[in-house]
Structures are given as structure tokens and as C-alpha cells.
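S.K.: Pasting a predicted model and its sequence here:
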Amino acid sequence: MNVLLVLECGLAVFLAVGYQFRPDHLAALTVFPAWSWLLLAIPVAAVWRHANRRLAALAAAAWMVFAVVHVEEFSSLGRGWIHPVVENKPAGVLRIITLNCGGGHVAALAETLPFQPDILLLQEPPSRPETEQYCKQLFGLAGGMIYDVDTAIIVRGSLTNVRRPGSRVFFSHARTDIPGFGPMDLVSLRLATGHVQLNLWNPDCWNTHYRWRRQQLDQMRTIAAELTTQAPLLVAGDFNAPQGDRIFSLLPAGLFDVFAVAGKGIGNTILNDIPVVRIDQIWASDHFHVIQSFARQTRASDHRLVVADLVLAPGQK
């Protein structure tokens with residue numbers, strides 16, 4: 001029993017360190033949502049009454065530290081309980097939505113309409129004509145759209161494509177000027193999708209996740225190379241990586257994950273019916289202050305959509 005508790009304590013510490021630094025060689029472990037590892041803490045509770053209390057307390061404390069530091073669902077659920085989500089668009093905010101349309105389903109676009117977005121950052125969008133038609137439905141002649149191979153941007157305002165030519169990475173980069181908020185840069189991206197393997201006993205699983213992580217890091221470097229936070233910047237999309245992954249460290253300094261700061265409820269976006277991990281995210285530069293962020297189930301996509309309400313930070317107007 002003492003051996004079990006020592007192993008529990010060691011495992012909690014190992015995972016805490018692994019999730020803190022996210023080394024590439026541990027990508028097969030850190031691809032799992034942090035909360036899922038808490039299932040391994042069940043033996044501590046099961047043997048509590050008959051175990052060495054000091055060892056049991058140490059193991060329990062190690063798991064608690066892991067949960068507090070790395071399981072974001074506790075804080076987001078708490079925020080949502082104290083201050084429930086306001087789904088109707090609050091006055092004076094800039095509302096951003098990112099959505100993977102699940103292989104180009106036009107019906108997925110229609111699900112964003114009730115949220116009254118000012119900016120739509122899309123992945124796997126419908127055809128260009130269908131996306132253009134939805135832009136007109138949202139904003140009429142006041143709307144702008146950029147459409148690329150696997151991503152698109154729709155805004156309430158002007159839109160200029162500033163992406164450098166020649167990259168094979170799936171992303172859109174545009175500059176907009178939205179009335180009341182001024183000029184800003186927008187990026188909609190979709191990083192590589194790997195084959196998620198769960199058979200951790202197989203060396204090929206570790207190699208596959210390692211290669212997948214390295215590919216995503218290369219893609220993120222390509223995108224980050226043309227970004228700057230001198231002007232307000234929003235980067236969002238389907239990162240195909242869990243919250244906290246090392247790829248996010250390559251984003252320009254000054255960007256923050258809006259859900260991690262002010263997310264409410266369960267922010268996980270995949271799979272749509274049973275969301276276990278938050279791969280669809282919105283990142284904003286410190287020119288903005290986030291009011292709230294939340295995810296909502298869709299019907300036409302296999303991803304949930306993510307909403308963020310932002311205002312300009314003091315001194316930015």
C-alpha cells in the first residue's frame with residue numbers, strides 16, 4: 001500500500017512537470033486533457049482509511065497541485081457559476097467567433113447568426129460563393145471577406161489581405177478597420193491534424209505524436225514570422241492541439257488565451273457531442289480586455305464554436 005502511494009505521488013509530480021514544460025518527446029502524454037489523469041488519483045481515495053496518513057496526504061497534495069495548476073475546467077466552471085454567460089451581445093463589445101465548419105457545411109455558418117458576431121474566423125469553410133453569401137447576410141455591403149484554401153475571415157468592416165504569398169500552411173492573415181475599434185490584424189488558422197494514438201505501450205504511438213508536434217511547431221513558426229503585436233492582433237482557429245501546448249509559446253509576446261483569462265463553463269470544443277479538449281481557441285494582444293468567452297455546441301459541425309467579447313484596453317482608444 002505504501003508503494004502504491006509513493007507511485008501515486010511520483011506520477012502526479014511527473015505529470016505536473018510534463019504539463020508545465022510540454023517536451024516534444026512527451027507529446028503522446030500531454031495530448032490528453034489534464035483532467036483525464038485525475039482518474040489515476042482514485043486509488044489514493046480508495047486506500048485513505050487504511051494507509052499511512054502522511055504518505056496518503058502527500059499523494060493527495062501532489063494530485064491537488066496538478067489539478068489546480070493544469071486543470072482549467074475548475075476555474076472556468078467557477079467563473080460561469082458566479083457570473084453566468086451573457087449570450088446576447090453586450091453593448092459596446094467586439095464579438096469574435098471562431099468555428100471549424102466541419103468539412104464545409106454551410107449550415108454551420110448559420111449557427112453563428114444568433115450570436116451577432118463582428119468577426120468570424122473560419123476553418124474548413126463552405127465554398128467561396130456560400131461564404132460570400134453569408135457575409136452579405138451578416139453585414140450587407142458593410143462586410144468584408146478573405147477566403148483561402150482551408151480558412152476564411154468575415155468582418156463587419158473593411159478587410160485587406162496581408163498574407164505573404166508562397167506558404168503551404170493553412171491560414172488567413174488580413175487587416176481590418178472596424179468602426180469604433182480601429183485597425184487590427186486578424187489571423188484564422190488550422191494546424192495539421194495528426195492521427196491520435198492512445199496505445200501508449202506502443203513505441204510507434206510516441207513517435208507519431210512526436211512527429212505531429214514537430215510539424216505543428218514548424219507551421220506555427222511560419223505563421224508567427226509574419227505577425228507583430230505593434231497593432232491590435234487576434235489569432236484564432238483550430239490549433240489541433242490541447243490548451244497549454246508548447247506550440248502556443250511561439251505566438252508573439254503579448255498575446256493571451258482569452259478563455260484561460262475569462263472563459264466561462266466548459267470551453268472544450270472537440271468532439272462536439274462529448275467535448276474533452278479545447279483545440280479551438282482565440283488569442284488576443286494586450287490591446288484588448290476580455291469581458292467573457294464561452295463555447296457552444298453546434299449541430300452541423302463536429303466542433304463547438306467559440307465566442308469572445310472584447311473591448312479595447314484602457315489607453316487604446
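M.R.: Arrived safely, thanks for sending.

S.K.: CA atoms for contacts and neighbours, from now on please.
M.R.: Noted.

S.K.: What segments of this protein are strands?
M.R.: 94-100, 119-123, 143-147, 151-156, 158-161, 171-178, 182-190, 233-238, 255-257, 280-285, 288-296, 305-312 (DSSP state E).

S.K.: Buried deepest among those, which one?
M.R.: strand 119-123 (a mean of 27; mean count of other CA atoms under 10 Å).

S.K.: ok, so what distance separates residue 251 from residue 107?
M.R.: 32 Å (CA to CA, to the nearest Å).

S.K.: ah, wrong one, I meant residue 133
M.R.: In terms of CA to CA, residue 133 sits 12 Å off from residue 107.

S.K.: before we move on, the earlier item: could I get the strands of the chain in JSON lines, plus columns for mean pLDDT and distance to residue 40?
M.R.: Output for these, formatted as JSON lines (pLDDT from 0 to 100; distance: least, CA to CA, whole Å):
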{"stretch": "strand 94-100", "mean pLDDT": "98", "distance to residue 40": "32"}
{"stretch": "strand 119-123", "mean pLDDT": "98", "distance to residue 40": "35"}
{"stretch": "strand 143-147", "mean pLDDT": "96", "distance to residue 40": "45"}
{"stretch": "strand 151-156", "mean pLDDT": "97", "distance to residue 40": "39"}
{"stretch": "strand 158-161", "mean pLDDT": "94", "distance to residue 40": "48"}
{"stretch": "strand 171-178", "mean pLDDT": "96", "distance to residue 40": "38"}
{"stretch": "strand 182-190", "mean pLDDT": "96", "distance to residue 40": "33"}
{"stretch": "strand 233-238", "mean pLDDT": "98", "distance to residue 40": "29"}
{"stretch": "strand 255-257", "mean pLDDT": "97", "distance to residue 40": "28"}
{"stretch": "strand 280-285", "mean pLDDT": "98", "distance to residue 40": "27"}
{"stretch": "strand 288-296", "mean pLDDT": "98", "distance to residue 40": "28"}
{"stretch": "strand 305-312", "mean pLDDT": "98", "distance to residue 40": "30"}
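
S.K.: the helices in the chain, which residues?
M.R.: For the chain, applying DSSP state H gives helices covering 2-21, 27-30, 42-47, 53-70, 73-82, 106-110, 128-139, 203-224, 258-262.

S.K.: Nearest to residue 13, out of the strands of the chain?
M.R.: strand 255-257 (25.3 Å; CA to CA).

S.K.: Which strands border the closest one, and is each parallel or antiparallel?
M.R.: In the sheet, strand 255-257 lines up against strand 280-285 (antiparallel) (DSSP bridges).

S.K.: quick one, the strand it pairs with and strand 182-190 angle?
M.R.: Interaxial angle of strand 280-285 relative to strand 182-190 (axes from the mean of the first three to the mean of the last three CA atoms, to 10 degrees): 150 degrees.

S.K.: which residues are in contact with strand 280-285?
M.R.: Strand 280-285 is contacted from outside by 98-100, 229, 232-240, 254-259, 268-269, 305-306, 308, using CA atoms under 8 Å, 6 or more residues apart in numbering.

S.K.: got it, and stretch 179-187?
M.R.: 94, 121, 153, 157, 171-177, 231-236, 312, 317.

S.K.: Please apply the same query to stretch 309-317.
M.R.: Residues outside stretch 309-317 that contact it (CA under 8 Å, 6+ apart): 89, 92-96, 181, 286-293.
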